[in-house]
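**Student:** just coords:
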C-alpha cells in the first residue's frame, strides 16, 4: 500500500450494548451472565465505512466498559469527529 492508497478515518461512532447470555459462563477466574461492549462504526474520508465491536473482559484484566468507552473517545483528533450512534 502506498501513501496515496492510505485512507483516513473521518468519523467514529459507537453505541454500548449489553446482551444476556443464554447460559451463564463459568471459568476459574469468574462467572459471566451477560456480555457488554461497544459497537463501533468507522467512516472513511472516501465514503467507505466499517463496523466492529470492542468488548472488554474485566475478569482477565482487560478493563471495563467504562475504560473502553473512554478509549473510544480518545480516538478523536482534530481530523476525526465522534458521536454515539442513535
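**Tutor:** Thanks, I have it. It should be emphasised that the depicted structure is a prediction, and the values quoted were computed from it without experimental measurement.
**Student:** Can you check the distance spanned by stretch 45-55, start to finish?
**Tutor:** 26 Å (CA to CA, to the nearest Å).
**Student:** So which elements touch the strand ranked longest in the chain?
**Tutor:** The longest strand of the chain (DSSP state E) is strand 9-26. Identification of packing neighbours for strand 9-26 by 3 or more CB pairs under 8 Å, 6 or more residues apart in numbering; DSSP states H and E yields strand 31-44, helix 65-74, strand 81-84. To be clear about C-beta, it is placed using only N, CA and C from the backbone, and glycine gets the same treatment.
**Student:** Compare the mean pLDDT across those and name the weakest.
**Tutor:** Mean pLDDT is lowest for strand 81-84 among those, at a mean of 57.
**Student:** related to what we said a few turns ago, need the helices and strands packed on strand 9-26 in CSV with distance to residue 6 and mean neighbour count, can you?
**Tutor:** Below are the helices and strands packed on strand 9-26 laid out as CSV (distance: least, CB to CB, whole Å; neighbours: other CB atoms under 10 Å):
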stretch, distance to residue 6, mean neighbour count
strand 31-44, 10, 15
helix 65-74, 21, 14
strand 81-84, 19, 12
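**Student:** JSON lines for those, including distance to residue 14?
**Tutor:** Formatted as JSON lines, those follow (distance: least, CB to CB, whole Å):
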{"stretch": "strand 31-44", "distance to residue 14": "5"}
{"stretch": "helix 65-74", "distance to residue 14": "5"}
{"stretch": "strand 81-84", "distance to residue 14": "6"}
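**Student:** Ok, which of these comes nearest residue 18?
**Tutor:** strand 31-44 (4.2 Å; CB to CB).
**Student:** quick one: strands adjacent to the next helix or strand after the closest one?
**Tutor:** As assigned by DSSP states H and E, the chain's next helix or strand after strand 31-44 is strand 49-54. Pairing partners of strand 49-54, with direction, according to DSSP bridges: strand 31-44 (antiparallel).
**Student:** Tell me the gap between the partner strand and the middle of its chain.
**Tutor:** 5 Å (CA atoms, centre = their mean, to the nearest Å).
**Student:** Next, the angle from that strand to strand 9-26.
**Tutor:** 170 degrees (axes from the mean of the first three to the mean of the last three CA atoms, to 10 degrees).
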